[in-house]
Every structure is written in C-alpha cells, then in structure tokens.
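**Q** Give the three-dimensional model of this entry:
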Amino acid sequence: MKLEELKELESRLEDFGGKLIVTPVTVCACQLGRKGALKFLEFLKGKGFTQKDYSVSSTGGDKFDIWLFLRDK
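**A** Numbering: from 1, shown residues only. Here you go, the predicted structure:
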C-alpha cells in the first residue's frame with residue numbers, strides 16, 4: 001500500500017467517524033460505528049479490495065475495527 005493510498009484511507013475514515021492505526025503488516029480502521037463500517041467497506045470494494053484483504057471485528061457495543069492486510073497488489 002502506497003503512502004498516497006494510506007492518506008486517502010485516513011481522510012475517508014475521518015468522514016466515517018473512525019481513526020487509522022498503521023502497523024508493519026496491517027492498517028486498522030478503528031472504532032467505526034455500524035453505518036461508518038459499512039460505508040468504509042463499500043469504499044474498499046470500490047478500490048479493488050476483496051474479503052481476502054481485510055478482517056472485521058467487533059470491539060463491543062456498536063463499534064467495529066476493520067483490519068487491512070498489507071501485501072503487494
């Protein structure tokens with residue numbers, strides 16, 4: 001994933017009410033509400049990401065984390 005792509009993800013996450021955390025092997029779109037998570041997943045699909053590229057987990061209540069696996073595309 002290129003720096004420009006990360007910046008775009010971060011700006012979109014702000015629109016959806018989440019925050020971005022980057023590790024050496026993953027990018028986490030964290031603390032998204034249900035609607036924000038669904039919108040962000042649609043955004044990812046539009047960018048060519050598939051279900052192999054991410055994992056969704058509930059953090060309790062109505063908040064979700066979306067983990068993107070960094071790999072060469």
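**Q** Mind jotting down where the helices sit in this structure?
**A** Listed in chain order, the helices of the chain (DSSP state H) span 3-16, 34-46.
**Q** what's the most buried one of these?
**A** Of those, the one with the most neighbours on average (mean count of other C-beta atoms under 10 Å) is helix 34-46, at a mean of 16. For the C-beta atoms, the positions are set from N, CA and C on the backbone; glycine is no exception.
**Q** now that one, how far from the centre of its chain.
**A** Its chain's C-alpha centre and that of helix 34-46 lie 8 Å apart, by C-alpha atoms, centre = their mean, to the nearest Å.
**Q** In the protein, which residue is most central in space?
**A** With distances taken as C-alpha atoms, centre = their mean, Ala29 lies nearest the centre of the chain, 3.8 Å away.
**Q** Name all residues that make contact with that residue.
**A** Taking C-beta atoms under 8 Å, 6 or more residues apart in numbering, we find Ala29 in contact with Leu9, Leu13, Phe16, Gly18, Lys19, Leu20, Ala37, Phe40, Asp65, Ile66, Trp67, Leu68.
**Q** one more time with 6 Å
**A** Neighbouring residues of Ala29 by C-beta atoms under 6 Å, 6 or more residues apart in numbering: Leu13, Gly18, Phe40, Ile66.
**Q** which residue packs closest to it, ignoring adjacent ones?
**A** Nearest non-adjacent residue to Ala29, counting by C-beta to C-beta, 6 or more residues apart in numbering: Ile66, 4.2 Å away.
**Q** Tell me what the one you found is bridged to.
**A** Ile66 has the following beta-bridge partners by DSSP bridges: Ala29, Val56.
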